[in-house]
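Chemist: Build me a model:
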Amino acid sequence: MAYDDEVVSLQARIDAITDEADLEEVYTTERHLLGARIGAEGCGSV
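Modeler: Take a look at the predicted model:
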């Protein structure tokens, strides 16, 4: 699995959150990105 150096890590994003609604948005985004990554790996395109 390749990682992009410019992607902000989940922990860095979580540490910057001050509002619970924003935290939920971060978790939702991370789940979406993880699902997209897993789907792409399953297709052999990553």
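
Chemist: can you map out the helices along the chain?
Modeler: 10-15, 20-42 (DSSP state H).

Chemist: Now mean neighbour count too, for the ones you listed, in a markdown table please.
Modeler: Where you see a C-beta, it was placed from the backbone N, CA and C, and this is true even at glycine. Shown next, in a markdown table, are those (neighbours: other CB atoms under 10 Å):
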| stretch | mean neighbour count |
| --- | --- |
| helix 10-15 | 12 |
| helix 20-42 | 11 |
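
Chemist: Let me have these in a markdown table, adding mean pLDDT as columns.
Modeler: Shown next, in a markdown table, are these (pLDDT from 0 to 100):
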| stretch | mean pLDDT |
| --- | --- |
| helix 10-15 | 80 |
| helix 20-42 | 83 |
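
Chemist: Spatially central residue for the protein, please.
Modeler: Closest to where the C-alpha atoms of the chain average out (CA atoms, centre = their mean) is residue 30, at 3.0 Å.

Chemist: so that one sits right up against residue 11, yeah?
Modeler: No - Residue 30 is beyond contact range of residue 11, at 10.6 Å (criterion: CB atoms under 8 Å).

Chemist: Residue 23: what's it in contact with?
Modeler: Taking CB atoms under 8 Å, 6 or more residues apart in numbering, we find residue 23 in contact with 14, 17.

Chemist: now it: how far from residue 30?
Modeler: 11 Å (CB to CB, to the nearest Å).

Chemist: what do you get for residue 39?
Modeler: 15 Å.

Chemist: since we're on residue 19, how many residues are nearby?
Modeler: Residue 19 is flanked by 8 other residues according to other CB atoms under 10 Å.

Chemist: What backbone torsions are found at it?
Modeler: phi -130, psi 130 (degrees, to the nearest 10).

Chemist: How confident was the prediction at it?
Modeler: Model confidence at residue 19, expressed as pLDDT, equals 91.

Chemist: ok, now how distant is it from residue 11?
Modeler: For residue 19, the distance to residue 11 - CB to CB - is 17 Å.
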